[in-house]
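Peer 1: Structure for this input, please:
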Amino acid sequence: MSLAVPESSDPFRPAGEEPPSLIPDHWIEDSTAKLESIAGMARHLTARPVLKVAAWLVYGLVLAFCVLSAVVLLLVALVRMLDAYAPGPLWAGYLVTGLVFIAGGLVCWRLRRSPATDVS
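Peer 2: Residues are numbered from 1 along each chain as shown. Sure thing, here's the model as predicted:
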């Protein structure tokens, strides 16, 4: 009679057999894939809209700079053209340009909206 202790403490499992694991063998890969999926979704929901807004802001600023530059160059060309081709003294070109600006200012003044008054 042998008093050797079996390798397994479970009397119903044969010796040398591994006990079943409660955690699957591929849990690291599954966890990593799930974490990458969550990080990708968070990036998609947060960073992409911010990048789109920043891109549109940059495009708008570049467009505003180009339009403002074009307006200034066109006004310089208008004054020089009036100076070169309009009869009369130099100040006539400035007078016409000033009248155009006054007319534009009056149009903008007419289209303004007054702030709501607080009636108490």
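
Peer 1: any idea of the mean pLDDT for the helix or strand where Val67 lies?
Peer 2: Following DSSP states H and E, one finds Val67 within helix 27-85. Regarding helix 27-85, the rounded mean pLDDT is 91.

Peer 1: Show me what that helix is packed up against.
Peer 2: Counting contacts by 3 or more CB pairs under 8 Å, 6 or more residues apart in numbering; DSSP states H and E, helix 27-85 packs against helix 91-111. Quick note: C-beta positions are derived from backbone N, CA and C, even for glycine.

Peer 1: which residues touch the helix it packs on?
Peer 2: When contacts are defined by CB atoms under 8 Å, 6 or more residues apart in numbering, helix 91-111 is touched by residues Leu75, Leu78, Val79, Leu82, Asp83, Ala86.

Peer 1: in that helix, what counts as buried?
Peer 2: Gly93 (16 or more other CB atoms under 10 Å).

Peer 1: Which residue lies nearest the spatial centre of this structure?
Peer 2: The chain has Val53 as the residue nearest its centroid, 2.3 Å off, counting by CA atoms, centre = their mean.

Peer 1: quick revisit: quick one, which of the contacts of helix 91-111 are buried?
Peer 2: Among these, those classed as buried by 16+ other CB under 10 Å are Leu82.

Peer 1: Name the nearest of the contacts of helix 91-111 relative to Leu63.
Peer 2: Using CB to CB, Leu75 comes nearest to Leu63 of the contacts of helix 91-111, at 18.7 Å.
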